[in-house]
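J.: Got a predicted structure here, sequence first:
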Amino acid sequence: MAAFSKLAQSNVRVAASVAQQLNRLLQHPPTRRSLLLLVASALIVRSAVFRPFGHARSTRSKEKSPCVVRERECHGSDAQYFPVDSRARTKNGHLKPKSVTSTFLQQLRALLRIIIPSLFTKEALLLVTHSCFLVLRTVLSVAVARLDGKIVRDLVSANGHGFIRGLGLWFALAVPSVYTNAMIRHLQSKLALKFRTRMTEYIHDLYLSPHPDLRYYRVPLQGVDQYITADVEAWSESIAGIYGNLMKPSLDLLLFTSQLATELGFRGTVLLFVNYYITIKILRAVTPAFGQLAAVEARLEGEYRAGVNRVARESEEIAFYNGGAREREILTRVYLRLIRHINSIYKIRIAYEWTEDFVIKYLWSAAGYGLIAVPLLITRKHRGGGTRSEMDGVFADRTETYISNRRLLLSLADAGGRLMYAYKDLVEVAGLTGRLYTLLSTLHHLPKLPLALPGDGNTFELKNVDVCIPSAALPSSESCNGVNGDADQKGATATHGDSSTLVRALSIRLHRGMHLMITGSNGVGKTAVARVLAGLWAPHGPLASVTRPSAEIADDDGTQRPRPGVFVVPQRAYMVTGSLLEQVIYPQSLGMFYAEGGDPRALQEILEAAHLGYLVEREGGWGAVKEWRDVLSGGEKQRMSLARVFYHRPKFAILDECTSAVSSDVEGQMYEHAKSLGISLITISLRPSLAKYHTHLLTLMGGGTGNWTLTPIMSSSSPAGTAAVQSEEGVHSGDGPQGLERTLAEIRMLEEKLEEASKWERRLAELKTR
């Protein structure tokens, strides 16, 4: 018990001594300002980062449901801040990066406008708080250096009371120091996350823009996924880190230099700045182009990632061909190219880091000892004499000066080293900044697709349209003259500008109830015509014009649901990530579906019409979430695409060979069901059996001529009044009536050949059975 009582008394005395020293510190103006700054910063961070639970809950309750599509602001006016860089480009369309130049500063300023749009944002508040903690850490470093000198002075002079008092102050300063270091790391991580969120949302708004932009479809850059994912993440972390790595060492250099200047005198201060100058000259002379190296590394990483994604996406096709060895060879070649580049960076860094470590660690240490010796050997040279106590006091003062200056100088050397490292990081940031700027400037300056002319809302019409393959060049390159284009038209040749012309002077007019079948040999431009009809490609030609049907509100099934004017089903069936219900209603979201009063049970009839009524029970209900691209067969995926057509019930549906894996009888039933819903069909197919479901036949000749013929199909299933429409419209042909007769003769000849082929197949089967 006596031991415990003595221990308690000693703890009370130590606590009283610490409290007395804290009281003295608070009476000292510089220390009081530092502590007040710490308290204010802590309160700011608590209100900005660590919000009360009730406030967070109320905020979450106000957030919109993810099912509701939130409207994004239009960033079209920001194109002025992202002019197209006129520097040379690589073969993949990327800008050749440079290091820290005025161009980099302009590009960085444009990107900073995105992540910090104003001073009244969370990002700006976090940045100010982070700056306060950086300043506070520098102030605490100076205080720790002074306290370190006093502790050693009391130790040398055998002042036990002063030594214990110094240890108490040491632990008192440890609390704000540790808290400050932790908050600096935390705020830097928060800044990086906020910057990444801002930049990602901005790029998503631009990249996934609707018609007439469609930037995600027309962007000419390769490896866009690398830009949006890895590059944005690396740039955000680098920007958040480079701010602290530049500001903190700069503050340390200023404050530590001012503190040392009072101790070193004029000579020591001059030598200190000479040391700075020599260090900067040496390191700038040996610093490689880290920005360009980082940009090339990011591009090679993107190529390797794209190769891995390609194998995962096309795994079944590769397996059918047994192409694993070939794909391994391709991936290995791309990976080795990346590794060779990384190894070259490591080799370059060997010489740089050797020079950097020698200058920062040894040259600065040697210079530090020389600078410390200035006040001891020259400025405050002892002249002898005095009592022993006076001599001890002089030695203690010199020890205090040496320890304080040595700690300040070591901190100064560390600040200089971090500043040099920060310059290397800044050069790497320049490379990432150039890549992101290339992406944003390209997205901003992609020309808009021309808008369709206003019509009666129920007519699909093309007039004098040249169907050209768009140029794959960057936005600054010339392309084929369009409706709103500025390039020169080079006449009715097979090539316009940099784009090949597939179909020339195409003119068709379709009303509701008319059904068009587009046919022709492979490579003549059937899908290209569908792209022009859908608005993905711009129509070309001096007199070209396009009129598309408009959307309307349909209430045939009792629900007020928009009925699109055009709905396109591509050749490759696309399965979206989500539930079975989302596969049917795509591209509509679940939030919009339920907001319009949709009922999943009512969709069962749509699946029955698409011969997929068994899917709900087989897959576990409408809410089942699977990788539908792998779960569904080829035919099921194509029928699911047609189920989307039945759900949306557009005025016109463009079907691009979307039933190649469906049997003929099921195919015919789905076509009849689509026509019964009032959907006008525009079908691209080589199957003659589909002609009976259409009223017109558009045949593309190919062969580089760009000719075409449009003929009516006389069928008992043709709707009433079609003949009258045909007589008004006439026949649009590249060869006149002779072309129509030749086309009909070719159709009859193909039908005869198909009959002969079936006979030969039966004969071959008989021979095999013998």
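T.: Happy to help now that I have it.

J.: Which elements pack onto the longest strand seen in the chain?
T.: Longest strand of the chain, by residue count under DSSP state E: strand 499-511. With contacts defined as 3 or more Cβ pairs under 8 Å, 6 or more residues apart in numbering; DSSP states H and E, strand 499-511 has these neighbours: strand 459-468, helix 526-534, strand 680-684, strand 696-700, strand 708-712. The C-beta positions use only the backbone N, C-alpha and C, and glycine is treated the same way.

J.: Output that strand in PDB with nothing but the alpha carbons.
T.: Taking Å, rounded to 0.1, in the frame of the first residue of the first chain, the C-alpha atoms of strand 499-511 are listed here in PDB:
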ATOM      1  CA  SER A 499     -14.700   8.300 -96.000                       C
ATOM      2  CA  SER A 500     -15.700   5.600 -98.400                       C
ATOM      3  CA  THR A 501     -19.200   5.900-100.000                       C
ATOM      4  CA  LEU A 502     -21.200   2.700 -99.800                       C
ATOM      5  CA  VAL A 503     -24.600   3.900-101.100                       C
ATOM      6  CA  ARG A 504     -25.200   6.900-103.200                       C
ATOM      7  CA  ALA A 505     -28.200   9.200-103.400                       C
ATOM      8  CA  LEU A 506     -30.400   6.900-101.300                       C
ATOM      9  CA  SER A 507     -34.000   8.200-101.200                       C
ATOM     10  CA  ILE A 508     -36.800   6.200 -99.500                       C
ATOM     11  CA  ARG A 509     -40.000   7.200 -97.800                       C
ATOM     12  CA  LEU A 510     -41.800   5.000 -95.400                       C
ATOM     13  CA  HIS A 511     -45.200   5.600 -93.700                       C
END
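
J.: now the strands: where do they sit in the stretch 501-650 of the chain?
T.: 516-520, 545-547, 552-554, 561-563, 566-569, 578-579, 625-626 (DSSP state E, counting those that start in this stretch).

J.: now these in JSON lines, with mean pLDDT and mean neighbour count?
T.: Putting the strands of the stretch 501-650 of the chain into JSON lines (pLDDT from 0 to 100; neighbours: other Cβ atoms under 10 Å) gives the following:
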{"stretch": "strand 516-520", "mean pLDDT": "93", "mean neighbour count": "22"}
{"stretch": "strand 545-547", "mean pLDDT": "91", "mean neighbour count": "18"}
{"stretch": "strand 552-554", "mean pLDDT": "76", "mean neighbour count": "13"}
{"stretch": "strand 561-563", "mean pLDDT": "81", "mean neighbour count": "17"}
{"stretch": "strand 566-569", "mean pLDDT": "92", "mean neighbour count": "20"}
{"stretch": "strand 578-579", "mean pLDDT": "90", "mean neighbour count": "18"}
{"stretch": "strand 625-626", "mean pLDDT": "90", "mean neighbour count": "14"}
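
J.: would you turn these into CSV with distance to Leu690?
T.: Conversion of the strands of the stretch 501-650 of the chain to CSV gives the following (distance: least, Cβ to Cβ, whole Å):
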stretch, distance to Leu690
strand 516-520, 6
strand 545-547, 25
strand 552-554, 26
strand 561-563, 24
strand 566-569, 14
strand 578-579, 31
strand 625-626, 32
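
J.: Sheet-wise, list the partners of the longest strand of the chain with their directions.
T.: Here strand 499-511 is paired, per DSSP bridges, with strand 459-468 (antiparallel), strand 495-496 (antiparallel).

J.: quick one: Leu221 and Leu439 touch, right?
T.: Yes. Counting by Cβ atoms under 8 Å, Leu221 does reach Leu439; the two are 6.5 Å apart.

J.: any common contacting residues for those two?
T.: Jointly contacting Leu221 and Leu439 under the rule Cβ atoms under 8 Å, 6 or more residues apart in numbering are Tyr227.

J.: With neighbour numbers in mind, choose between these two.
T.: When Leu221 and Leu439 are compared for neighbours, Leu439 comes out ahead with 23 against 17, by other Cβ atoms under 10 Å.

J.: quick one on the thing from earlier: out of the helices and strands packed on strand 499-511, nearest to Ala602?
T.: Closest to Ala602 of those, according to Cβ to Cβ: strand 680-684, at 23.8 Å.

J.: Residues contacting stretch 521-539, please?
T.: Residues from elsewhere that reach stretch 521-539 (Cβ under 8 Å, 6+ apart): 211-212, 214, 217, 449-450, 452, 460, 462, 465-470, 482-483, 485, 502-503, 506, 518-520, 545-546, 548, 566, 568, 571, 654, 656, 682, 684, 698, 700-703.

J.: Now, of those residues, which are buried?
T.: Neighbour counting with 16 or more other Cβ atoms under 10 Å marks 214, 449-450, 452, 460, 462, 465-470, 482-483, 485, 502-503, 506, 518-520, 545-546, 548, 566, 568, 654, 656, 682, 684, 698, 700-702 as buried within those.

J.: still on that earlier bit, to Gly597, which of the strands of the stretch 501-650 of the chain lies closest?
T.: Proximity to Gly597 (Cβ to Cβ) singles out strand 561-563 among these, at 8.7 Å.

J.: Mind listing the strands that closest one pairs with, and their directions?
T.: Paired strands of strand 561-563, with direction, are strand 552-554 (antiparallel) (DSSP bridges).

J.: Quick one: low-confidence residue ranges for the stretch 551-700 of the chain.
T.: Residue ranges of the stretch 551-700 of the chain with pLDDT under 70: 554-560.

J.: can you give me the helices for it?
T.: Under the criterion DSSP state H, counting those that start in this stretch, helices of the stretch 551-700 of the chain are mapped to 580-585, 590-595, 604-609, 615-619, 628-631, 634-648, 664-676.

J.: Mean neighbour count and distance to Arg305 added to these, as a markdown table?
T.: Formatted as a markdown table, the helices of the stretch 551-700 of the chain follow (neighbours: other Cβ atoms under 10 Å; distance: least, Cβ to Cβ, whole Å):
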| stretch | mean neighbour count | distance to Arg305 |
| --- | --- | --- |
| helix 580-585 | 22 | 27 |
| helix 590-595 | 15 | 30 |
| helix 604-609 | 17 | 37 |
| helix 615-619 | 16 | 31 |
| helix 628-631 | 16 | 19 |
| helix 634-648 | 22 | 26 |
| helix 664-676 | 16 | 39 |
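
J.: export those to a markdown table and tack on distance to Leu147?
T.: Formatted as a markdown table, the helices of the stretch 551-700 of the chain follow (distance: least, Cβ to Cβ, whole Å):
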| stretch | distance to Leu147 |
| --- | --- |
| helix 580-585 | 64 |
| helix 590-595 | 61 |
| helix 604-609 | 77 |
| helix 615-619 | 70 |
| helix 628-631 | 66 |
| helix 634-648 | 73 |
| helix 664-676 | 84 |
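
J.: Which among the ones you listed is found nearest to Ile116?
T.: Ile116 lies closest to helix 590-595 among the helices of the stretch 551-700 of the chain, at 31.3 Å (Cβ to Cβ).
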